[in-house]
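Undergrad: Please work out how this folds:
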Amino acid sequence: MALKKRQQEILEIINLEKSIKVDDLSNRYNVTEQSIRRDLNEICSRGLATRIHGGARIVNSISNLAYEKRRLVFSDAKEKIGKLAAGLIPNNCSIMLNIGTTTEKVARALYSHENLIVISNNVNIINLLIGSESKELILAGGVVRQSDGAIIGENTVEFISKFKADFAIIGASALDEDGSILDYDSKEVSVAKSILNNSRKKILVCDNSKFGITAPHRICEISEIDIFVTDLNPPKRFREIAKNNNSEIKIAPISNNNSINKIN
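TA: Numbers count the residues shown, from 1 in each chain. Below is the predicted model of the structure:
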């Protein structure tokens, strides 16, 4: 079951501000502290945040949330990012997408595109596009990881290297202000690198919360990305590195009544 709207907003605040107090949230939303405690209990019971005395804090930044839980985090932002990224893709082209909850949103937004050749190591993406106007859906070979539908490993990397796509769309688990694009799993990184290396135009899709997360494995640098689609302006240092390397940053529009927009 999805989080309620206020709970989703509170989770986004926690991820942005690292920790939050019950009384602060009560004042922001003009509701009772008891109502906020119920919201925090629901969020924390799903493992999306950690309860502390008088509030809640972000989960350990070096841990990777379970895939189903990650779908709930920043879901509105991911949907807007997905729509904007899909709008950059023309009909009648080839595209490769890697595993990720944001790349899934891109795939969903590509459903009405015509004559696409879609190559992915993500079972969920292929399933989302079954019945669409795509010309061909190609699932990378290899062993399926049942926890998230990812296909990774040497066979997957070799499979992807047989193609040359017009576009690559990748997600990542973490972003560093120094321009590094990062992930937790070295096998996932190998697949992402292969997708980038075998595509003409490279698009990165990540929400802004990824700047508050650390991960040990480097996929690439922002200088190697043509377009970065996100939901909020990245840190200044990151923007400058992107600008100096002709990497374009596109910000998905956020509605005026979004509480996170008001906070920043």
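
Undergrad: use CA for all of it now, contacts and neighbours both
TA: OK.

Undergrad: Helices along this structure, start to end?
TA: Taking DSSP state H as the test, the helices found in the chain are 5-17, 22-29, 33-45, 67-72, 75-86, 101-109, 123-129, 154-160, 186-197, 236-244, 259-263.

Undergrad: Any chance of CSV for those, columns mean neighbour count?
TA: CSV is the format used below for the helices of the chain (neighbours: other CA atoms under 10 Å):
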stretch, mean neighbour count
helix 5-17, 19
helix 22-29, 15
helix 33-45, 17
helix 67-72, 15
helix 75-86, 22
helix 101-109, 25
helix 123-129, 19
helix 154-160, 18
helix 186-197, 22
helix 236-244, 15
helix 259-263, 12
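
Undergrad: Could you list the domains of the chain?
TA: Structurally, the chain divides into domains by automatic domain parsing as follows: 5-59, 69-251.

Undergrad: that older thread, what's the closest of the helices of the chain to K135?
TA: Closest approach to K135 among the helices of the chain (CA to CA): helix 123-129, 10.4 Å.

Undergrad: count of residues packed around I20?
TA: Number of residues near I20 (other CA atoms under 10 Å) recorded here: 21.

Undergrad: show me the contacts for it.
TA: I20 makes contact with 13-14, 55-57, according to CA atoms under 8 Å, 6 or more residues apart in numbering.

Undergrad: roughly how far apart are the closest residue to V106 other than its chain neighbours and N122?
TA: Counting by CA to CA, 6 or more residues apart in numbering, G82 is the residue found nearest to V106 once chain neighbours are left out, at 3.9 Å. Using CA to CA, to the nearest Å, G82 is found at 16 Å from N122.

Undergrad: Which pLDDT value does the model give V189?
TA: Looking at V189, its pLDDT stands at 95.

Undergrad: do I43 as well
TA: 85.

Undergrad: Look up the closest residue to it, ignoring the ones flanking it.
TA: That would be A49: by CA to CA, 6+ apart, it lies 6.3 Å from I43.

Undergrad: before we move on, what about R57?
TA: Excluding its sequence neighbours, the residue lying closest to R57 (CA to CA, 6+ apart) is S19, at 3.9 Å.

Undergrad: show me the contacts for the one you found.
TA: By CA under 8 Å, 6+ apart, the contact list for S19 reads 55-58.

Undergrad: same question, K4
TA: Contacts here follow CA under 8 Å, 6+ apart; on that basis K4 touches nothing.
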